[in-house]
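Participant: fold the following for me, if possible:
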Amino acid sequence: MAKNAEAQPIAVPTSILEVEAYESRIKECLETIEVNEQKLEDLSHEIDTQDDLAARYAEAIYQYSIANRTTLLPKGDKTVKLPRGGTFGWVNSTRILISGKVESTINWFKKHRLKKRFVRVKVEETINKEALHDAPDELIKRIPHVSRVTGELFKVSPSGRPDHLERDFENGTWKRKSPKEKKIQPFAQAAE
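Facilitator: So this is what the prediction gives:
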């Protein structure tokens, strides 16, 4: 059970009547927990439903944009601005792909004293693709099983929202992106 550091201690009961009152309070607490757990479950389902619905709307906009790209963007631009402030369109995107055995790539990082920069340790070691994103091309070319892939990412940014939807250029799935980005140590500061 979670402890509330600011909660006042409850006095030890001095009679069977107080014990019964405490038991009644425990029952109320458990009932409140049960109601709130159901609310959380309902909210989780609603979030999933709305996430799916937003992705389907974004996919419809994407399909419209593909069919009408030359009309929407006659000057070769990549972004359409809507009258109420929202935007949609294409942005250049780069991603890191790991092919082959991750373990041999991790060993390469260790050998070249780059483990601290490019290997993430959670339960087991994994490759930190976000850190590799900013690595120089010369380094990426030397790393076994690692390549940089570039393509166009389609993005829908509703007006008045800090978040947006992005369509993965490889598998066509939609993801909601928040402006809260992780800060990654600049490549020049990487050292074992």
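
Participant: give me the distance from the regular element (helix or strand) spanning residue 18 to the chain's centre.
Facilitator: For residue 18, the host element (DSSP states H and E) is helix 16-67. Relative to the chain's own centre, helix 16-67 is displaced by 20 Å; criterion: C-alpha atoms, centre = their mean, to the nearest Å.

Participant: what does stretch 96-112 give?
Facilitator: On C-alpha atoms, centre = their mean, the centre of stretch 96-112 falls 23 Å from the chain's centre.

Participant: let me know the average pLDDT across that stretch.
Facilitator: Average pLDDT, stretch 96-112: 86.

Participant: before we move on, what about stretch 144-160?
Facilitator: 87.

Participant: give me the contacts around that stretch.
Facilitator: 58, 61-62, 65, 78, 82, 84-102, 104-105, 108, 127, 132, 137, 140, 164-170 (C-beta atoms under 8 Å, 6 or more residues apart in numbering). Using the backbone N, CA and C atoms, a C-beta is placed for each residue, glycine as well.

Participant: next structured bit after the host helix or strand of residue 103?
Facilitator: Taking DSSP H and E as the criterion, residue 103 maps to helix 102-111. Where DSSP H and E defines the elements, the next helix or strand beyond helix 102-111 is helix 115-118.

Participant: show me the contact partners of the helix or strand following that next one.
Facilitator: Going down the chain from helix 115-118, the next helix or strand is strand 119-121, by DSSP H and E. For strand 119-121, contacts defined as C-beta under 8 Å, 6+ apart pick out 106, 109, 110, 125, 126, 127, 128.

Participant: same list, those, but as CSV with distance to residue 37 and neighbour count please.
Facilitator: Below are those laid out as CSV (distance: C-beta to C-beta, whole Å; neighbours: other C-beta atoms under 10 Å):
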residue, distance to residue 37, neighbour count
106, 40, 19
109, 43, 22
110, 45, 15
125, 36, 16
126, 32, 13
127, 37, 19
128, 35, 18
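
Participant: mind putting those into JSON lines with distance to residue 49?
Facilitator: Shown next, in JSON lines, are these (distance: C-beta to C-beta, whole Å):
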{"residue": "106", "distance to residue 49": "39"}
{"residue": "109", "distance to residue 49": "41"}
{"residue": "110", "distance to residue 49": "45"}
{"residue": "125", "distance to residue 49": "37"}
{"residue": "126", "distance to residue 49": "31"}
{"residue": "127", "distance to residue 49": "34"}
{"residue": "128", "distance to residue 49": "33"}
